[in-house]
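J.: predicted model, plus sequence, below.
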Amino acid sequence: MTDPDAGEQSELLPGMREAVKASRARSSGRKSATAPTSEVDPVARVLVDLPLAHLDRPFDYSVPAAMAAQAVPGCRVKVRFAGQDVDGFVVARTDETDHGGRLQPLRRVVSAEPVLSPAIAELSARLAERYAGTRSDVLRLAVPPRHATTEKAPSPPAPPPAVDLDAGREAWAGHEPAAAFLDHLVRGGSPRAVWSAAPGTDWPRLLAHAVAATYSSGRGALVCVPDRRDVDRVDAALTAVLGEGHHVVLTADSGPAARYRDFLAVLRGSRRIVVGTRAASFAPVRDLGLVAIWDDGDDLHAEPRAPYPHTRETLLLRAEAEGTAALVGGVARTVEAEYLLRTRWARELTPPRALVRERVRVSVAGASDHELRRDPHSRAARIPTTVHDAIRSGLATGPVLVQTPRSGYASTLACERCRTPARCARCSGPLLIEAPTSPPACRWCGEDEPAWSCPSCEHRGLRAPVLGDARTAEELGRAFPGATVRTSSGDRVVASVDARPAIVVATPGAEPVAEGGYAAVVLLDTWLPLARADLRAAEEAVRRWANAGALAAPGGRVVAVGDPAHPALQALVRWDLPGFIDREIRERQDAHLPPASRLATITGDHGPVDDALTLLSPPPSAEVLGPVDVVDPAGSRVVIRVPRADGAALSRSLAELQRLRSARKLDPVRVQVDPPSL
């Protein structure tokens, strides 16, 4: 059909055309303003989707009578705010308002589906307070974008569950007191546990049985794991334990239609078991009975978008608010998990020492006196004779895993003679070699440097202090010419390998799961993760080594190349991971570092950071460290430290700082509470 006003508007001048549009908009507003309002609960409290901290609160709007049935708490609406239509969520309906003037009406109800459940609305408020952010930022993480076609389709109900509780107790045997933990879940209780999995444990199957025990009591469960490969493993385990149709997978990469379909299935109660990555931690599971997280030390659990919540903290807040059971699991234990045990918030599930000794044997190939007598060149060798022997004997029975901490070919270069780091002549960026036939190139600007010479000694030779997985695979291929060599890193991650003999070179976190386990596991360049200038360097190194070592077959051999006297490697040799983290937390308490204290950082350009310090009113117990210059991102950073008891006060002061800066429209800074690394 033809627009009756099209000819009229085409004859108007541009200025007059805009005036006509404005007049019609005002007329439309008057009609809406005079429209009758709902007789029941005529006021809607709307959380407007605005990223401005000083406007982070619900606003009252009147509910037109025509929208009264659709404008339910939790639905999406359009409202008029500051002269434009913006999105929002109705968080409550009431019959009174504190506003003294006339309320603006709701513009329209986008969807009557109550996608924001009361529990998630409350969780968003608590997370915004905890991380000094805004609720709108949290809700962008919690509620997926609407897919209208998917919303119209019904969610089919789940089939009746059939849970084998005896199989669950059998699977958890060896992690005590797991039987009591499962029985508590079956009876509808809410136990809390920190679980240290034994090497070689099929942890997805154990998680599935914990979920099944909760499900048998008529409650739901939520499981968060670091990446898609882990999701697939838990997905398969849940299907094997419960059958098809009882759970959904929620990940950010599922696609808009599939993600929204599964989200609605959970919201409507047709599915009450969810497994996913950090995007699943906000799933609106009905009758939630268990929240579980695997490998909570993995940095993939830290949200890179404001307000930067951690999956572990999100789930623990849900456990507190909704009275659910909680399970924090992993091969290695984080200091935060250890703190839960120390404060008696949770109990320990751990394997006996005898079982650990049966599962794994760890040794260190380093420059000890005994090693030097056997192999005089082992001090300078990256792959000593001991490692070659372990790989050769492992290949006789199955696959061998070689973990190297860097991807690529030669990711760091230095002068062959004087060891001066090789830098780009154009931008001073670090040089690297991407392939055997490639010339040195700058990692920052991409410029080739085929004729590089050392600025200190003018020598033209280069050496690689750190080799990547591609170069490592090339060296091992030459050393073992008859063996198949595979790599897994970056965007070429291999999920699993079969039981045939092969050498698998992988970076941390990209290790494939071997059928039946690896005959041997080799950990190269252990000095590199330990040399990181980071608060969690040793904790993270042990976690990565333990995750790789746990992939060995029962009785398999693990060989680490490094300093045998280092406490982290000594803990790995004894597989005393709880003892290592206990020592780590005691040292942090002595140094007033997390988790004994709470930290926050303010990062940005020098001027805005100075302005933030001027406006900040921290608790009296706060220590302000800095500002100091930082490289990534370029600018300066301030660290604010308080005792753990004053952590909530620090968050409140930072939230007030955010409101002041937002109201005054100051240049942005990044405020991060409890950053995952420092």
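T.: Looks like it came in fine. Numbers count the residues shown, from 1 in each chain.
J.: pLDDT weak spots in the stretch 401-550 of the chain?
T.: Applying pLDDT under 70 to the stretch 401-550 of the chain flags the ranges 408-412, 464-467.
J.: I'd like to know which elements the helix or strand hosting residue 209 is packed against.
T.: Element membership of residue 209, judged by DSSP states H and E, is helix 203-215. Judged by 3 or more CB pairs under 8 Å, 6 or more residues apart in numbering; DSSP states H and E, the packing partners of helix 203-215 are helix 165-171, helix 178-186, strand 220-224, helix 228-242, strand 288-294, strand 325-330. Glycine gets a C-beta too; all of them are placed from N, C-alpha and C.
J.: minimum distance to residue 38: which of the ones you listed has it?
T.: Nearest to residue 38 among these is strand 288-294; the distance by CB to CB comes to 32.1 Å.
J.: which helices and strands does the closest one pack with?
T.: Using 3+ CB pairs under 8 Å, 6+ apart: strand 288-294 touches helix 203-215, strand 220-224, helix 311-322, strand 325-330.
J.: about what we covered before: got the helices and strands packed on helix 203-215 as CSV, with distance to residue 360 and mean neighbour count columns?
T.: Below are the helices and strands packed on helix 203-215 laid out as CSV (distance: least, CB to CB, whole Å; neighbours: other CB atoms under 10 Å):
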stretch, distance to residue 360, mean neighbour count
helix 165-171, 20, 16
helix 178-186, 20, 19
strand 220-224, 26, 28
helix 228-242, 20, 20
strand 288-294, 19, 26
strand 325-330, 16, 25
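J.: for the nearest residue to residue 317 once chain neighbours are set aside, phi and psi?
T.: Nearest residue to residue 317, sequence neighbours excluded (CB to CB, 6 or more residues apart in numbering): residue 126, at 5.5 Å. Main-chain dihedrals, residue 126, degrees, to the nearest 10: phi -70, psi -40.
J.: need the helices and strands packed on helix 203-215 in TSV (columns: mean pLDDT and distance to residue 279).
T.: Shown next, in TSV, are those (pLDDT from 0 to 100; distance: least, CB to CB, whole Å):
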stretch	mean pLDDT	distance to residue 279
helix 165-171	91	27
helix 178-186	94	25
strand 220-224	96	9
helix 228-242	95	10
strand 288-294	97	13
strand 325-330	96	19
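J.: now the ones you listed as TSV including distance to residue 496?
T.: Formatted as TSV, the helices and strands packed on helix 203-215 follow (distance: least, CB to CB, whole Å):
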stretch	distance to residue 496
helix 165-171	20
helix 178-186	26
strand 220-224	20
helix 228-242	9
strand 288-294	17
strand 325-330	20
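J.: what's the closest of the ones you listed to residue 37?
T.: That would be strand 288-294 among the helices and strands packed on helix 203-215, by CB to CB, at 36.1 Å.
J.: how about residues contacting the closest one?
T.: 119, 185, 188, 190, 203, 207, 210-211, 214, 217, 219-226, 230, 234, 301, 311-312, 315-316, 318-319, 322, 324-330 (CB atoms under 8 Å, 6 or more residues apart in numbering).
J.: please apply the same query to stretch 220-230.
T.: Under CB under 8 Å, 6+ apart, the answer for stretch 220-230 is 204, 207, 210-211, 214-215, 231, 234, 251, 253, 272-278, 280-281, 283, 285-295, 298, 300-301, 311, 315, 318, 493, 495, 509.
J.: re earlier: could you dump the helices and strands packed on strand 288-294 to JSON lines with distance to residue 131?
T.: Shown next, in JSON lines, are the helices and strands packed on strand 288-294 (distance: least, CB to CB, whole Å):
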{"stretch": "helix 203-215", "distance to residue 131": "27"}
{"stretch": "strand 220-224", "distance to residue 131": "17"}
{"stretch": "helix 311-322", "distance to residue 131": "8"}
{"stretch": "strand 325-330", "distance to residue 131": "19"}
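J.: so which of the ones you listed comes closest to residue 45?
T.: helix 311-322 (20.0 Å).
J.: list the buried residues in the strand or helix carrying residue 390.
T.: Assigned by DSSP H and E, residue 390 falls within helix 385-395. By neighbour count on 16 or more other CB atoms under 10 Å, the buried set for helix 385-395 is 386-388, 390-391, 394-395.
J.: format those as CSV; extra columns: pLDDT.
T.: Listed next are those as CSV, based on pLDDT from 0 to 100:
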residue, pLDDT
386, 87
387, 89
388, 89
390, 91
391, 93
394, 92
395, 94
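J.: now the two most distant members of these.
T.: 386 and 395 (15.2 Å).
J.: ok, the residue positioned nearest the centre of the chain - contacts?
T.: The residue lying closest to the centre of the chain (CA atoms, centre = their mean) is residue 301, at 1.5 Å. Residue 301 is in contact with 224, 226, 278, 293, 295, 310-312, counting by CB under 8 Å, 6+ apart.
J.: can you show me the strands along the stretch 451-600 of the chain?
T.: Secondary structure of the stretch 451-600 of the chain (DSSP state E, counting those that start in this stretch): strands located at 462-466, 485-488, 496-497, 503-506, 513-514, 518-523, 552-561, 597-604.
J.: alright, calling it a day.
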